[in-house]
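J.: test case, fold it:
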Amino acid sequence: MAFEQLPNSGNMFINQKKTTPLQPDFRGSIHIDKTLLENLINKSKGNLVEVALSGWNKTSAKGNDYISLAATEPYVRPQEKQPWEQ
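T.: Below is the predicted model of the structure:
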């Protein structure tokens, strides 16, 4: 069975081809669902779009260490109601 990439997830592997300090330590990709991307764009202010990323250290079946990624909308802390608003 072939690996199926889940929406809003990705992976970063150690860059085995790194030969200079200017090259990245990790390489990978993330697949973001169009609906999430549209929501993020619509909620953005200005020209930048913020995406919250979470990562987990994992080991592949072949024994390679990598970081598993998940993309979500940034957390927005709910405003606390004042005592007179409750």
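
J.: spit out the contact partners of residue 13.
T.: 26-28, 64-67 (Cβ atoms under 8 Å, 6 or more residues apart in numbering). C-beta coordinates here come from the backbone N, C-alpha and C atoms, glycine included.

J.: now the two most distant members of those residues.
T.: 27 and 65 (13.2 Å; Cβ to Cβ).

J.: so for these two, which sits in the more crowded spot?
T.: Legend: neighbour count by other Cβ atoms under 10 Å for residue 27 and residue 65, higher for residue 27 (14 against 10).

J.: which ones are touching residue 9?
T.: With Cβ under 8 Å, 6+ apart, residue 9 has these contacts: 30-31, 68-71.

J.: closest to residue 5 among those residues?
T.: Using Cβ to Cβ, residue 31 comes nearest to residue 5 of the contacts of residue 9, at 5.0 Å.

J.: and the closest one, how many residues sit next to it?
T.: 13.

J.: bridged to it, which residues?
T.: As for beta bridges, residue 31 partners with residue 9 under DSSP bridges.

J.: residue 59: neighbour count?
T.: 9.

J.: give me the pLDDT for it.
T.: For residue 59, the model assigns a pLDDT of 95.

J.: nearest spatial neighbour of it, chain-adjacent residues omitted?
T.: residue 65 (5.5 Å; Cβ to Cβ, 6 or more residues apart in numbering).

J.: and that neighbour, how far from residue 8?
T.: 22 Å (Cβ to Cβ, to the nearest Å).
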